[in-house]
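# What follows is a predicted protein model with its sequence.
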Amino acid sequence: MLAALDFLGDEVDYANREWRYSYRRLFDICPEKKLSKVVSQVLTQYSTLTKAWDVEANSTWVCRTYLAAKMILNATVLTNTLEHSEETGLRVANPYYEYYAALSLLRAVVYTLPTAEWSNGELISVSHSRAINLAFDWLGKFDQDTAKRLKALTQQLKAQREVISYRAPASGDSVLDVDYDLYELLIMLSELAQFNSELLEQSITKNADPSSFVVKPEYIFQLSGFEIKGFAFHDSEDAYRLSYLKRKMPRPFNLAETMTEGQTEDFIGAWDADEEGKFTNGSPCDWQQIFDVP
């Protein structure tokens, strides 16, 4: 049951290591020699966790990798919606789609950080500013200049969303700057989360006791049923997908392999309109702009 899963494509050899994902941007900013040092540092941090692995840690990290994978899918829906908005002239919503796509991926990174405490689920609602700081501090391990530049872009996207929300510009979106590469940012963040999850998986395989590969039901309830601002919500699809992981993948794997075709189709398809001629996310070939979604 816990044998290595079939991968989306061929393994990639880089920095004296085989990777389970074909990175488009992340490895371009970090030479092999430096990346080897980054890998060693990060594995040391994960080993502190995995050498003390127990059922609680396993349950927490299954949930964290599931959440991170969902954030990548959420960003995919948002960028698909952004493209539809641009095609149909609904420009007023574009700053929201851009910023919240980035925020989703910042959260994906944070959920995979060995240094970020779960704190009984409080990490799920990590603040915008903390997510920005944590994610770009981590990206700085690979290249400080890239991290500073993309952090500034993220803060710009946040500011432009607030221009629409708080200032209602009389000149429309002509006051906004659109001279940036949104997809460089989104791809870099999604790959950073994937990178973390690959090293976490390797550390678990090396150090953890397989008898701890159990997911406690209360963690499923925590993620699928929740309260925000006094209002209660329940997501039956989350409950179903987490129950699937509990049965079939009861330990963390990397994000690309945590996703299944059924999960991605159901998550992304849930936002498709029922009426013909309305918005749809298209087929899986339309979901690949920021991550290789199965």
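Nice, thanks for sending it over.

# mind checking how far the host helix or strand of Lys70 is from the chain centre?
Assessed by DSSP states H and E, Lys70 sits inside helix 55-88. Relative to its chain's centre, helix 55-88 lies at 5 Å (Cα atoms, centre = their mean, to the nearest Å).

# got the buried residues for that helix?
57-82, 84-85 (16 or more other Cβ atoms under 10 Å). Every residue, glycine included, has its C-beta placed from N, CA and C.

# Also stretch 182-198?
Within stretch 182-198, the residues that count as buried by 16+ other Cβ under 10 Å are 182, 185-198.

# Return the subset of those lying in helices.
Secondary structure from DSSP state H places 182, 185-198 of the buried residues of stretch 182-198 in helices.

# tally of neighbours for Lys278?
9 (other Cβ atoms under 10 Å).

# sorry, that was for Phe136
As a burial measure, Phe136 scores 23 neighbours (other Cβ under 10 Å).

# List the contacts of it.
Ala147, Lys148, Leu150, Lys151, Thr154 (Cβ atoms under 8 Å, 6 or more residues apart in numbering).

# Just the buried residues from the residues you listed, in PyMOL please.
The PyMOL selection below is limited to those of those classed as buried (16+ other Cβ under 10 Å):
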select buried, resi 147+150+151+154
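
# what's the closest of the contacts of Phe136 to Tyr14?
Ala147 (19.9 Å; Cβ to Cβ).

# so who does the spatially most central residue of the chain touch?
Nearest residue to the geometric centre of the chain (Cα atoms, centre = their mean): Ala108, 3.0 Å. By Cβ under 8 Å, 6+ apart, Ala108 lies in contact with Leu67, Ala68, Ala69, Met71, Ile72, Ala75, Leu189, Ser190, Ala193, Leu255.

# Repeat that for Val42.
Contacts of Val42 (Cβ under 8 Å, 6+ apart): Pro114, Lys141, Asn196, Leu199.
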